[in-house]
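>>> only the shape, not the letters, is given here:
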């Protein structure tokens, strides 16, 4: 029985590795250039060369660096960009909106909605290579969320850094259907654990928040 238990635990450790947020927080706080900004530069030029650990430092490490911009202003401009990227607009208008999108990208290249907007806008102006590039960035961030845990237990939730990404995490589960309910609890580290339920199936998503989340933008 002991050998069987050891084998099961060993198999679990090989198949699953929960992302370690505390280690990422400590490393990025102590050396943001090495663990965050250097990896971010690679993400902006050659994202597919990054391994999973480096992607973890980018996606989750973003919580422990300064925004460098006002979130309210960023989101207002992003709403305008998204509004047009989802329409059938002219080449001229797409090029105009694209300039706003590129300015936002310099501030936050990790915003997944923005990455999809960039893909759509580049497609409109017939620059498919750049569109594909931004879509590949989007996919890597999505895979980072999917690889953060199993979502099947409260000790192995999928981990996201903002509330909008909860939906991306939830869409990977079989509970995402009519009849879904959820409860939320605040964890000792200040993060939130959402427990989704549909019938007998449960799915767990943990949301960590940016250190500046409650600071006044103005």
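In hand now; what should we look at? For clarity, every value in this text was computed on a predicted model and none was experimentally measured. Numbers count the residues shown, from 1 in each chain.
>>> tell me which stretches of the chain form helices.
2-15, 21-30, 32, 38-45, 52-61, 71-85, 91-107, 112-124, 128-146, 164-170 (DSSP state H).
>>> tabulate those (CSV), appending mean neighbour count.
The way it works is simple: take the backbone N, C-alpha and C, and place the C-beta from them, glycine included. Formatted as CSV, the helices of the chain follow (neighbours: other Cβ atoms under 10 Å):
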stretch, mean neighbour count
helix 2-15, 9
helix 21-30, 16
helix 32, 17
helix 38-45, 16
helix 52-61, 21
helix 71-85, 15
helix 91-107, 15
helix 112-124, 22
helix 128-146, 17
helix 164-170, 18
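>>> what's the closest of the ones you listed to residue 195?
Nearest of the helices of the chain to residue 195, taken as Cβ to Cβ: helix 164-170 at 11.6 Å.
>>> packing partners of that closest one?
Secondary-structure packing of helix 164-170 (3 or more Cβ pairs under 8 Å, 6 or more residues apart in numbering; DSSP states H and E): helix 112-124, helix 128-146, strand 158-160, strand 201-207.
>>> partner strands of the third one, with direction?
Looking back up the chat, that one is strand 158-160. Looking at strand 158-160 with DSSP bridges, its partner strands are strand 201-207 (parallel).
>>> how distant is the strand it pairs with from the center of its chain?
Mean-position distance between strand 201-207 and its chain equals 16 Å (Cα atoms, centre = their mean, to the nearest Å).
>>> contacting residues for the residue nearest to residue 42 when sequence neighbours are not counted?
Nearest-residue entry for residue 42: residue 50, 5.7 Å, with adjacent residues in sequence omitted and distances by Cβ to Cβ, 6 or more residues apart in numbering. Counting by Cβ atoms under 8 Å, 6 or more residues apart in numbering, residue 50 touches 39, 42, 43, 58, 140.
>>> residue 138 now?
112, 115, 116, 119.
>>> pLDDT weak spots in the chain?
Residue ranges of the chain with pLDDT under 70: 1-17, 214-218.
>>> show me this structure divided up by domain.
By the assignment in automatic domain parsing, the chain contains the domains 18-64, 71-145, 149-207.
>>> make JSON lines out of the ones you listed and add distance to residue 213.
Formatted as JSON lines, these follow (distance: least, Cβ to Cβ, whole Å):
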{"stretch": "domain 18-64", "distance to residue 213": "9"}
{"stretch": "domain 71-145", "distance to residue 213": "9"}
{"stretch": "domain 149-207", "distance to residue 213": "9"}
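>>> doesn't residue 142 make contact with residue 55?
No. Using Cβ atoms under 8 Å, residue 55 is not in contact with residue 142; the gap is 10.6 Å.
>>> re the thing from before, now distance to residue 190 too, for the contacts of residue 50, in a markdown table please.
As requested, the contacts of residue 50 are exported to a markdown table (distance: Cβ to Cβ, whole Å):
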| residue | distance to residue 190 |
| --- | --- |
| 39 | 25 |
| 42 | 30 |
| 43 | 27 |
| 58 | 22 |
| 140 | 27 |
